[in-house]
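Student: Curious how this folds, go ahead:
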Amino acid sequence: MTFSLMVSPKKVTRQISVSSLTPGNVLTFPGLNTLGIAMNRVDFGPGGLNPPHLHPRASEIGVVIEGKLLVGFVTSNNVFYS
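Tutor: Residues are numbered from 1 along each chain as shown. Here you go, the predicted structure:
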């Protein structure tokens, strides 16, 4: 499996998270080797949800190609940004 951002969106059929993840790491995107980063493509369907999760000492960037996505962050000081 190779990683590509240039493919058609996947049809989302799962009802729990209503999204589809395509991982991009050194196994699927060798150009990331030794950079200490990973890239994922997530296709959200209507009502899609990215469950709360952590990135200790890391960052997350989101790019919306079509539609709208509500995003929120909680800092280590417990301050919410949306």
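Student: Going along the chain, name the strands of this structure.
Tutor: 19-24, 39-44, 73-74, 80-81 (DSSP state E).
Student: Rebuild those as TSV, extending it with distance to V63, mean neighbour count and mean pLDDT.
Tutor: To be clear about C-beta, it is placed using only N, CA and C from the backbone, and glycine gets the same treatment. Output for the strands of the chain, formatted as TSV (distance: least, Cβ to Cβ, whole Å; neighbours: other Cβ atoms under 10 Å; pLDDT from 0 to 100):
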stretch	distance to V63	mean neighbour count	mean pLDDT
strand 19-24	13	16	77
strand 39-44	10	16	81
strand 73-74	16	10	84
strand 80-81	18	8	90
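Student: Any buried residues in stretch 43-55, and which?
Tutor: 43-45, 48 (16 or more other Cβ atoms under 10 Å).
Student: which residues of the protein score low on pLDDT?
Tutor: 1-18 (pLDDT under 70).
Student: Quick check: most distant residue from the centroid of it.
Tutor: N77 (23.5 Å; Cα atoms, centre = their mean).
Student: which residues sit in contact with that residue?
Tutor: Listed by Cβ atoms under 8 Å, 6 or more residues apart in numbering, N77 has no contact partners.
Student: now do V71
Tutor: Contacts of V71 (Cβ under 8 Å, 6+ apart): 62, 82.
Student: again with T75
Tutor: By Cβ under 8 Å, 6+ apart, the neighbours of T75 are Y81.
Student: And it, how far from Y81?
Tutor: Taking Cβ to Cβ, to the nearest Å as the measure, T75 falls 7 Å from Y81.
Student: Likewise for R57?
Tutor: Where Y81 is concerned, R57 sits at a distance of 18 Å (Cβ to Cβ).
Student: And for E66?
Tutor: 24 Å.
Student: picking up where we left off before, any chance of CSV for the strands of the chain, columns distance to G31?
Tutor: Output for those, formatted as CSV (distance: least, Cβ to Cβ, whole Å):
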stretch, distance to G31
strand 19-24, 10
strand 39-44, 10
strand 73-74, 28
strand 80-81, 31
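Student: tell me the contacts of the residue nearest to V74 when sequence neighbours are not counted?
Tutor: Spatial nearest neighbour of V74, excluding adjacent residues (Cβ to Cβ, 6 or more residues apart in numbering): F80 at 5.3 Å. By Cβ under 8 Å, 6+ apart, F80 lies in contact with 72-74.
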